[in-house]
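Below are the sequence and a predicted model; questions follow.
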Amino acid sequence: DQQVKQNSPSLSVQEGRISILNCDYTNSMFDYFLWYKKYPAEGPTFLISISSIKDKNEDGRFTVFLNKSAKHLSLHIVPSQPGDSAVYFCAASATAGTYKYIFGTGTRLKVLA
Amino acid sequence: DGGITQSPKYLFRKEGQNVTLSCEQNLNHDAMYWYRQDPGQGLRLIYYSQIVNDFQKGDIAEGYSVSREKKESFPLTVTSAQKNPTAFYLCASSLRTSGSGYNEQFFGPGTRLTVL
């Protein structure tokens, strides 16, 4: 049972436009969410996070939105750049002290120059 | 500078052999994790350790073993019991706090294991 889902395996966006990556979750106990970016043959790098007490967190070109009632979060990248082309994973964690994170299957973003 | 190192980057193993993947961190993080990534799938948790001399099974622990004798090291052994060991293996660590425990995980560069 996939508790964190990224239903779009791939996304193509023109350079300079907005990229919107989506993530849905099923476990209502999740209260901390993260986005990671991954290039081929490398480890993921942390991008941005949000806790359930917020509905938005912004860091430069990256903004994460959380809709708890819909159990949905999204990552907005504005403006998109060719260097943003990578696989993006969302991850979720519950307040349990277990330090476990559940990852989605990833969305491959391609920014076209 | 601080970070997580994994070695080797590429590893080839004959079927039926055990192999150990190295993971070292100098971030002074308490918690360490091993994930496996297969094509088209997310990161699946194999084992994790919150503190030295303690570790817990993740979602796909069968066929794997770990040890945590030192804070900075968390080696993963892929045993011959693992039916489909060919994959990309990622090690991560995070700072364990006494509060919410909300901390991002820092990942190593990964080891690609291929069983011949």
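Sure, I can see it.

Once you drop chain neighbours, what's closest to the closest residue to chain B within chain A?
Using Cβ to the nearest Cβ, residue A:43 is the residue of chain A that sits closest to chain B, at 3.2 Å. The C-beta positions use only the backbone N, C-alpha and C, and glycine is treated the same way. The spatial neighbour of residue A:43 that comes closest, neighbours along the chain excluded (Cβ to Cβ, 6 or more residues apart in numbering or on different chains), is residue B:107 at 3.2 Å.

Quickly list what the one you found is bridged to.
Judged by DSSP bridges, the bridge partners of residue B:107 are residue B:92.

Please apply the same query to residue A:50.
Applying DSSP bridges, one finds that residue A:50 bridges with residue A:33.

ok, the spatially most central residue of chain B - contacts?
Relative to the mean C-alpha position of chain B, the nearest C-alpha, by Cα atoms, centre = their mean, is the one of residue B:34, at 2.5 Å. For residue B:34, the contacting residues are B:21, B:23, B:45-48, B:58, B:64, B:66, B:74, B:76, B:89-92, by Cβ atoms under 8 Å, 6 or more residues apart in numbering or on different chains.

if we can go back for a sec, can you verify the residue of chain A closest to chain B is assigned to a strand?
No: Residue A:43 is assigned coil when assessed by DSSP: H, G, I helix; E, B strand; the rest coil, not a strand.

Wait, it touches residue B:108, no?
Yes: with contact defined as Cβ atoms under 8 Å, residue A:43 reaches residue B:108; the gap is 5.1 Å.

Between the two, which contacts overlap?
What both residue A:43 and residue B:108 touch, as defined by Cβ under 8 Å, 6+ apart, is the set B:4, B:6, B:90, B:92.

What is the burial count for the first one?
This means residue B:4. 23 (other Cβ atoms under 10 Å in any protein chain shown).

before we move on, what about the second one?
Here the count is done by other Cβ under 10 Å, and residue B:6 has 21 residues near it.

Which residues of chain B lie near chain A?
Residues of chain B lying close to chain A by Cβ under 8 Å from any Cβ of the partner chain are B:4, B:6, B:31, B:35, B:40-45, B:48, B:50, B:56, B:58, B:88, B:90, B:92, B:94, B:96, B:100-110, B:112.

Many thanks, I have nothing further to ask.
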